[in-house]
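Asker: Here you go, sequence then predicted model.
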Amino acid sequence: MTDINKNNIDNITENNKDEIKIEVKNLNFSYGDYHLLKDINLFFKKNSVCTILGPSGCGKSSFLRTLNRMNDYTEGSKLTGEVLLDGKNIYSKSVDVVELRRNVGMVFQSPNPFPKTIFENVAFGLKIHGIKNKQFIVERVEKCLKYAGLFDEVKDKLHKNAFSLSGGQQQRLCIARAIATNPSVLLMDEPTAYLDPAATATILDLIADFKKFYTIIIVSHNIQQAGRISDYSGFFLDGELIEFSKSGDFFTRPKDKRTENFITNRF
Amino acid sequence: MLKLKLNHKDDLFKFILSIFVFGIILIFLTVVTVILYYSYPAVSRFGIAFLWTKEWDPPKEIFGAATFIAGTFMVTIIALIFAIPLSLGIGIFLEEYCPKFLKGFFTIIIELLAGIPSVVFGVWGVLTIVPWLRKYIEPFFKSHFSFIPFLQVTENIGYGILAASIVVAFMVVPIIASITKDSLAAVPKITKDGALAMGATRLDVIKDISLPFSYRGIYGGIILGFGRAVGETIAVVLLIGNQAIIPKSIFGVGYTISAVLANTFTFAVISPIYASSEVELALILLLVSLIINIIGRNVLQRVIGGKLSRAQFGGG
């Protein structure tokens, strides 16, 4: 597992590209009587972008939240099966959830900056993980803002409130915040859902660039976007994983009729 | 001449209702006018010095509000010192930690507590808080902390500023706690999730996200609690000892504005200037409560009523 003090951005590891980063085995997730995820089995390769597609309510967001244990807070939920991150089950008792989430960053559907300054937003993760070296924090904040393509726009107002930024800038700030703790996986829950086309294009370019450093899993309902940026695509319907394959095959030769219907907009 | 269209039943109904509303405004204005009118003799005779004159001597016709103002603010401040941490703790627990099935139950209990008549609280205080202070707390402070100013025990009777403050604190807790809970509930879930997803603990989220997001609401709740404590009457009458002296210690007896009005206003009418001085006390209380309530409601409206708008954080 990478250390928070190092920086992925500086140590690109292209050599082990085909290694499996996350493997999901027989994952079932239910909430009360509602069986949300049914027997999910799939894997994500290192430094790849994968898009999870599906209509609203198919369980794709819930699935994403099982990968960093955000479902821990859902009262009355039950999970069985395994999620192996670098070969280690994240649901085993010895796993430190705080460290897990340091390593698995998340970007949400709508920009959710904290009620703090731009600088403090990016430094938040470092602070809660106990980093006190000011020089290190300043450098990391700057670096992350640069990688999120935001630094030039905010360098003169780092100590202004994050809510003073536009929606697209806020979302890039949230991305900078998510990479500040030096994760190896980025989860993105419809990261462009509330952005205008120009801001969306900026984020998509970032994602394409980021796979050098991270394993990226995106939840989306936008088929064109998925086809453009992802190496792998999966299709969820009613809590089941219908199909999962390389994006090229997924979009040109879908094996399942339901996948075909979805990608040709028949839902 | 007002031209009314009463063609429809709807218009008639609306007209009747607007008379009711007009009546409420009229009552409010009447209260203010009457208090101003009857306090005028005292205001013109004693002037602004009324506020810091300590004597309250009806036979000699010397009247000053200082003792009552001091008593009122001591009770209010001490009550808030007890109530604020307790209320914040309850509000935070209910919103952030409490399991769902218990949250509803506790919320109802808090609302019931808010609905208990204050005289019942007063009686409870006389039966429990007063003997407890007399038997345990006051002797303890007398033997251990008598060198600290404001904590000296002279009479050891249980009644006094502290007894009144403790009971008023219990009456204020439901107000501040429920507003704290509602303010915390208004913090967007996605923002809290954002912090949790970074590895923040629940305590980090409360400290760094929820409280900064909702401090205005909590502040408004505290101001409303202050308003309640300033005006609280019957429970205080039963507990404070009712002596027009400025207390030198929290264990001392005292008097508040509302308590002296409740106890003596019916006798005061025998002398016009005595009565007028008491009405001036009522005027002070009225002004303080009005100002506090206006401030408190304004703060709250911006937070809970008007949603937590992102704009209010803008331009930081």
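Answerer: Perfect, I can see it now.
Asker: Flag every residue of the stretch 151-300 of chain B that's near chain A.
Answerer: Contact residues (C-beta under 8 Å from any C-beta of the partner chain) of the stretch 151-300 of chain B with chain A: B:188, B:190-191, B:193-201, B:204, B:208-209, B:212-213. All C-beta spots, glycine's among them, are computed from the backbone N, C-alpha and C.
Asker: let's see 6 Å
Answerer: Proximity of the stretch 151-300 of chain B to chain A (C-beta under 6 Å from any C-beta of the partner chain) is limited to residues B:Ile190, B:Thr191, B:Gly194, B:Ala197, B:Met198, B:Gly199, B:Ala200, B:Asp204, B:Ile209, B:Pro212, B:Phe213.
Asker: So which of those residues wins on neighbours?
Answerer: Greatest neighbour count in these, by other C-beta atoms under 10 Å in any protein chain shown, goes to B:Met198: 27 neighbours.
Asker: Quick check: which element contains the spatially most central residue of chain A?
Answerer: Nearest to the mean C-alpha position of chain A, counting by C-alpha atoms, centre = their mean, stands A:Leu187 at 1.1 Å. If you go by DSSP states H and E, A:Leu187 is part of strand A:185-189.
Asker: Quick one: list the elements packing against that strand.
Answerer: Judged by 3 or more C-beta pairs under 6 Å, 6 or more residues apart in numbering or on different chains; DSSP states H and E, the packing partners of strand A:185-189 are helix A:60-66, strand A:104-107, strand A:215-219.
Asker: Beta-bridge partners for the residue nearest to the centre of chain A, please?
Answerer: Taking DSSP bridges as the rule, A:Leu187 bridges to A:Met106, A:Ile217.
Asker: That one: what's it in contact with?
Answerer: Neighbour list for A:Leu187: A:Leu64, A:Leu67, A:Met106, A:Ile217 [criterion: C-beta atoms under 6 Å, 6 or more residues apart in numbering or on different chains].
Asker: So for stretch A:64-78, what gets flagged as buried?
Answerer: Buried residues in stretch A:64-78, counted by 16 or more other C-beta atoms under 10 Å in any protein chain shown: A:Leu64, A:Arg65, A:Thr66, A:Leu67, A:Asn68, A:Arg69, A:Met70, A:Asn71, A:Ser77.
Asker: May I see those organised as a markdown table, with pLDDT and distance to chain B added?
Answerer: Shown next, in a markdown table, are these (pLDDT from 0 to 100; distance: C-beta to the nearest C-beta, whole Å):
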| residue | pLDDT | distance to chain B |
| --- | --- | --- |
| A:Leu64 | 95 | 10 |
| A:Arg65 | 94 | 9 |
| A:Thr66 | 95 | 13 |
| A:Leu67 | 95 | 11 |
| A:Asn68 | 94 | 6 |
| A:Arg69 | 94 | 10 |
| A:Met70 | 92 | 6 |
| A:Asn71 | 88 | 11 |
| A:Ser77 | 88 | 13 |
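Asker: packing partners for the helix or strand of chain A with the lowest mean pLDDT?
Answerer: Between all helices and strands in chain A, the lowest mean by mean pLDDT, DSSP states H and E belongs to helix A:223-229, at a mean of 85. Packing partners of helix A:223-229 (3+ C-beta pairs under 6 Å, 6+ apart): strand A:49-53, helix A:197-210.
Asker: what about the closest residue to B:Ile90 other than its chain neighbours, which helix or strand?
Answerer: The shortest distance from B:Ile90 to any non-neighbouring residue, by C-beta to C-beta, 6 or more residues apart in numbering or on different chains, is to B:Ala177 (4.1 Å). If you go by DSSP H and E, B:Ala177 is part of helix B:161-185.
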